[in-house]
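Participant: pasted the sequence and its predicted model underneath.
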Amino acid sequence: MKIFSDALELKTYLKAITKSIGFVPTMGALHDGHLSLIKAAKKECEFVVVSIFVNPTQFLEGEDLQKYPSNNEADKRVCTYAGVDVLFLPKAEDIYESDEITLIAPPIRGYVLEGATRPGHFNGVLTVVNKLFNIVNPDYAYFGKKDAQQLHLIALMVKQLFMSVKIVPIDTVREIDGLALSSRNIYLSKEEHKEALKISRSLYEASNMLRSGELEVQKIKEVMKKILEPLEIGYIEILNYEFEVIDEIEIGNTIILVEVIVGKTRLLDNIWL
Ligand code: AMP
């Protein structure tokens, strides 16, 4: 596995690669969720690039940028075992200049849910993904459905900017107990982890209700709220795949999204129906 930190060096190196390139952008502290993206890339592409970059522009003032979990040595081992061809490990100054011209703003759909509590977050995400795509020039790029709004906005950017990369969504990987894997789970105490299981439980109950014929959004939200009590709920939202609000669930075109604050940790989860 080759490791690069310089963007232009990597770009030059990859230009000579004639194989199909699969790209997995991450912020590191790799877990089995990341690994399932890498495995999908390995399956579909002849050459796989993973990036690890804790992107400062997507963190707001007071968020966990400084203490975001990081373990480059373990991550390098994971990537080597997974058969990654190139690992891109840039520093902030390898990606950003002090006087940046690039500013990508999402449409209104980027200012609800995550974008409402974290205004500017998706500007940072879209900007860095755009830069990374320009460096790697991948044929396929892999993103987790767990970050559904991020996935939606990136797919929108690719379509609207006529980029040629194909975005591949990957199902959420969970612990055996149901908790969606996340680098931030490390912040949870044992007790908080137990409390956090209410999140997946609420989503499973919602999908059970659907199976028994309940299609009304309000009723499903009420039941989920009860299960989540007394946790602080950021939002429970039921949207279609275009991220539009709906009154009634349409199987094959509905996402139920939850944000819950457990202790000091904001956890996201969702289910695609
Ligand atoms: P992150 O390092 O948190 O920025 O995540 C990098 C990529 O991994 C994103 O596309 C995430 O959506 C994806 N990802 C994170 N957690 C999971 C998970 N539990 N299952 C599947 N994909 C995930």
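Facilitator: Looks like it arrived, so ask away.

Participant: give the buried residues for stretch 16-35.
Facilitator: 21-31, 33-35 (16 or more other CB atoms under 10 Å). C-beta coordinates here come from the backbone N, C-alpha and C atoms, glycine included.

Participant: measure that stretch end to end?
Facilitator: End-to-end distance of stretch 16-35 (CA to CA, to the nearest Å): 26 Å.

Participant: repeat for stretch 77-90
Facilitator: Stretch 77-90 end-to-end distance (CA to CA) = 17 Å.

Participant: related to what we said a few turns ago, which of the buried residues of stretch 16-35 sits closest to the ligand?
Facilitator: For those, the minimum distance to the ligand (CB to the nearest ligand atom) is 2.5 Å, reached by residue 33.

Participant: now the residue in the stretch 101-250 of the chain positioned nearest to the ligand: phi and psi?
Facilitator: Closest approach between the stretch 101-250 of the chain and the ligand, counting by CB to the nearest ligand atom: residue 144, at 2.4 Å. Main-chain dihedrals, residue 144, degrees, to the nearest 10: phi -80, psi 140.

Participant: what sits against it?
Facilitator: Each residue near residue 144 by CB atoms under 8 Å, 6 or more residues apart in numbering is listed here: 33, 37, 151, 169, 170, 172.

Participant: which pLDDT value goes with it?
Facilitator: With respect to pLDDT, residue 144 has a value of 98.

Participant: ok, the one 4 residues further on next?
Facilitator: Per-residue pLDDT puts residue 148 at 97.

Participant: on that earlier part again, just the buried residues of the contacts of residue 144.
Facilitator: Buried among the contacts of residue 144 by 16+ other CB under 10 Å: 33, 37, 151, 169, 170, 172.

Participant: return the member of those nearest to residue 6.
Facilitator: residue 37 (24.0 Å; CB to CB).

Participant: I'd assumed residue 140 was in contact with that closest one.
Facilitator: No - using CB atoms under 8 Å, residue 37 is not in contact with residue 140, being 10.6 Å away.

Participant: sorry, back to before: now, which of the buried residues of stretch 16-35 sits nearest residue 254?
Facilitator: Among the buried residues of stretch 16-35, and counting by CB to CB, the member closest to residue 254 is residue 33, at 22.3 Å.

Participant: show me which residues of the protein sit near the ligand.
Facilitator: 26-27, 33-34, 36-37, 143-144, 146-147, 170, 172-173, 180-183 (CB under 6 Å from any ligand atom).
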